[in-house]
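K.L.:
Structural data only, the sequence is not supplied:
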C-alpha cells in the first residue's frame, strides 16, 4: 500500500447499508458538504451485471463473469455510470439487472477486481465519500469515518417503490419488499465481503428522519476526526 493511497484513504467516508436505507441520498449530501467526490460502488456491480446479461452469459458462471468484469471499462462520475464508454445509468437500474446483481457480485473474482478499481478511484481523487455494502468492512477498513445506514423494511420498500415509479416502472410495494428481502439474505450470507456493519461504524437508522439531519451528523463526525489530527 503506497503512502499516496494511505493519505487518500484517510479522507474516505465509508457509507454502507442495504437497499433503500438512504445511502445514495446521504452520501451525495455528505460529499457536497465536504467538497469531496462520491462513488456509488453498487453502480459498478450493476454495470458488470449489465455487461454479463448483454453477453448472454450465465451469472452463476464465476470464471466467465470474472473475465467480463476484468475486461470492461467502467466509470462512475457525478452520478453517471458508463460501460465501455456508453452511458448505462438508466439501464443498470432496470428489473433484469436488479434480479441478477447479487448472483454476479457474489463471485470472489468480481469483488477482487472491483475493489481494486474502487481503491484506484479513491487514490485518484484524493479521498471521497464511498457508498456500498462492504466499504467500511473490506474496501477501506482504515477509513476514519464509517457509517452503516438502516431503516425499517416498510420504509425501505416505499423508498424503492418511489424510485421505480420515478423511472416509469410500476411495481407493488409488497413485491419490492419481497425482492429486497431476497437480496438482503443473499448479500448478508455470501462467503466473501458479506453485507454487515464494520466493527467501529456509526449505526444510523434513517426511518422517519430527514436526510439533512443525517448528513449533518456524519459531516460533524468527519470534521471532529480531522480536527483531532
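P.N.:
Happy to help now that I have it. The structure presented is a predicted model; accordingly, all values stated were derived computationally and were not measured. Numbers count the residues shown, from 1 in each chain.

K.L.:
Spatially nearest residue to the residue nearest the centre of the chain (excluding sequence neighbours)?
P.N.:
Centroid check for the chain by Cα atoms, centre = their mean gives residue 132 as the closest residue, at 2.4 Å. Distances taken as Cβ to Cβ, 6 or more residues apart in numbering place residue 41 nearest to residue 132, at 3.5 Å, with adjacent residues excluded. Every C-beta, even on glycine, is put in place using the N, C-alpha and C of the backbone.

K.L.:
isn't that neighbour right up against residue 139?
P.N.:
Yes. The pair residue 41 and residue 139 passes the contact test of Cβ atoms under 8 Å, sitting 7.4 Å apart.

K.L.:
shared neighbours, the two?
P.N.:
Jointly contacting residue 41 and residue 139 under the rule Cβ atoms under 8 Å, 6 or more residues apart in numbering are 118, 130, 132.

K.L.:
Next step: those restricted to strands.
P.N.:
Filtering the shared contacts of residue 41 and residue 139 for membership in strands, criterion DSSP state E, returns 130, 132.

K.L.:
show me where pLDDT drops low in the protein?
P.N.:
1-7, 165-168, 170, 228-229 (pLDDT under 70).

K.L.:
which residues of it fall in strands?
P.N.:
Using DSSP E, the strands of the chain run over 12-16, 38-40, 74-77, 80-83, 86-87, 128-132, 145-150, 202-205.

K.L.:
right, so of these, which gets closest to residue 185?
P.N.:
strand 145-150 (15.6 Å; Cβ to Cβ).

K.L.:
between the shared contacts of residue 41 and residue 139, which is nearest residue 227?
P.N.:
Of the shared contacts of residue 41 and residue 139, the one sitting nearest to residue 227 (Cβ to Cβ) turns out to be residue 130, at 21.6 Å.

K.L.:
Check whether the closest one really touches residue 115, as I assumed.
P.N.:
No. Judged on Cβ under 8 Å, residue 130 makes no contact with residue 115 at a distance of 11.0 Å.

K.L.:
Looking only at neighbour counts, state which of the two leads.
P.N.:
Counted by other Cβ atoms under 10 Å, residue 130 and residue 115 do not tie: residue 130 has more neighbours, with 29 against 19.

K.L.:
beta partners for the more buried one?
P.N.:
On the basis of DSSP bridges, residue 130 is bridged to residue 14, residue 39.

K.L.:
heads up, I number from 39, so please use that
P.N.:
Sounds good: first residue 39 from here, last item residue 168.

K.L.:
For it, which residues are in contact?
P.N.:
Contacts of residue 168 by Cβ under 8 Å, 6+ apart are 50-53, 65, 76-77, 79, 156, 160, 177-178, 181.

K.L.:
how does it look with 7 Å?
P.N.:
By Cβ atoms under 7 Å, 6 or more residues apart in numbering, the residues touching residue 168 are 50, 52, 77, 79, 156, 160, 177, 178.

K.L.:
what does residue 239 give?
P.N.:
Per Cβ under 7 Å, 6+ apart, neighbours of residue 239: 174, 184, 185, 186.

K.L.:
cutoff 10 Å now
P.N.:
Shown in contact with residue 239 (Cβ atoms under 10 Å, 6 or more residues apart in numbering): 52-55, 173-175, 181, 183-187.
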